[in-house]
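Undergrad: Sequence first, predicted coordinates after that:
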Amino acid sequence: MTRKKLVSLLLFAHLFAIAVANFAPMGTPTAHRLYRLVAPYVHLTGQSQNWSMYQRPKPFDARIEVVSVHHDGHREHPLGTADGMPLRRLYFLESLFAGRPAHQQPVADAVLRRVEAQSPDGDTPRMVQISCIIRDTPPPGSAASIASQQYKPYHTFTLRQMPQPGDLP
């Protein structure tokens with residue numbers, strides 16, 4: 001096989017893998033079967049991306065919170081609040097909630113254990129949580145006042161919740 005044909009074949013396979021990876025979320029059985037073929041290559045090369053430029057925006061506003069609760073009830077944000085958190089850290093935590101469910105829990109556990117280990121003075125927190133909280137946003141073009149401004153829990157990862165004195169066994 002000539003070099004030109006080999007390069008053409010590799011380029012075609014690469015573009016085919018990217019195209020299949022982006023059509024797989026549409027839910028057709030054929031796309032899912034093809035995706036299983038190309039998924040290892042797509043993930044290995046970092047090509048797993050979503051072409052959703054013209055997709056409707058999500059109907060909610062999300063925030064990420066990392067909270068540790070100590071034995072005395074004191075709550076703290078060990079990684080900072082979402083407003084003051086470094087963008088790379090915030091992006092990483094957001095990707096945790098957008099990832100595949102099979103990979104979410106092990107990564108969340110590792111992050112939570114790291115937060116727990118960084119507690120000052122060896123004071124192990126009673127509980128460490130990473131939460132994604134959301135609030136509804138109004139549809140495009142409508143008044144902002146129709147959406148609730150209250151955040152509500154969407155998804156939470158918890159490392160440990162140790163019983164408090166007086167809790168029932």
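TA: Alright, I've got the coordinates.
Undergrad: For residue 61, list each beta-bridge partner.
TA: Following DSSP bridges, residue 61 is listed with bridge partners residue 135.
Undergrad: Around it, how many other residues sit close by?
TA: Look at residue 61: counted by other Cβ atoms under 10 Å, it has 14 neighbours. The C-beta positions use only the backbone N, C-alpha and C, and glycine is treated the same way.
Undergrad: which parts of stretch 95-111 are buried?
TA: Neighbour counts over stretch 95-111 (16 or more other Cβ atoms under 10 Å) mark 96-97, 104, 107-108, 111 as buried.
Undergrad: Show me which of those is closest to residue 22.
TA: Closest approach between the buried residues of stretch 95-111 and residue 22, by Cβ to Cβ: residue 97, at 20.7 Å.
Undergrad: what secondary structure does that closest one sit in?
TA: At residue 97 the chain is in helix, as set by DSSP: H, G, I helix; E, B strand; the rest coil.
Undergrad: State the distance from the closest residue to it other than its chain neighbours to residue 153.
TA: For residue 97, ignoring the flanking residues on the chain, the nearest one in space by Cβ to Cβ, 6 or more residues apart in numbering is residue 132 at 4.6 Å. Distance of residue 132 to residue 153, given as Cβ to Cβ, to the nearest Å: 8 Å.
Undergrad: More neighbours: which of the two?
TA: Neighbours were counted for residue 132 and for residue 153 using other Cβ under 10 Å; residue 132 has more, 19 against 11.
Undergrad: Okay, buried residues for the one helix or strand that one maps to please.
TA: Secondary structure assignment for residue 132, by DSSP states H and E: strand 127-136. By 16+ other Cβ under 10 Å, the buried positions in strand 127-136 come out as 127-134.
Undergrad: need the next SSE after that strand, C-terminal direction.
TA: strand 152-158.
Undergrad: List the contacts of residue 64.
TA: Residues in contact with residue 64 (Cβ atoms under 8 Å, 6 or more residues apart in numbering) are 82, 85, 90, 93-94, 97, 130-133.
Undergrad: May I see those residues organised as a markdown table, with distance to residue 47 and pLDDT added?
TA: Formatted as a markdown table, the contacts of residue 64 follow (distance: Cβ to Cβ, whole Å; pLDDT from 0 to 100):
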| residue | distance to residue 47 | pLDDT |
| --- | --- | --- |
| 82 | 29 | 76 |
| 85 | 28 | 80 |
| 90 | 24 | 81 |
| 93 | 23 | 82 |
| 94 | 20 | 81 |
| 97 | 21 | 80 |
| 130 | 27 | 88 |
| 131 | 30 | 88 |
| 132 | 26 | 87 |
| 133 | 31 | 86 |
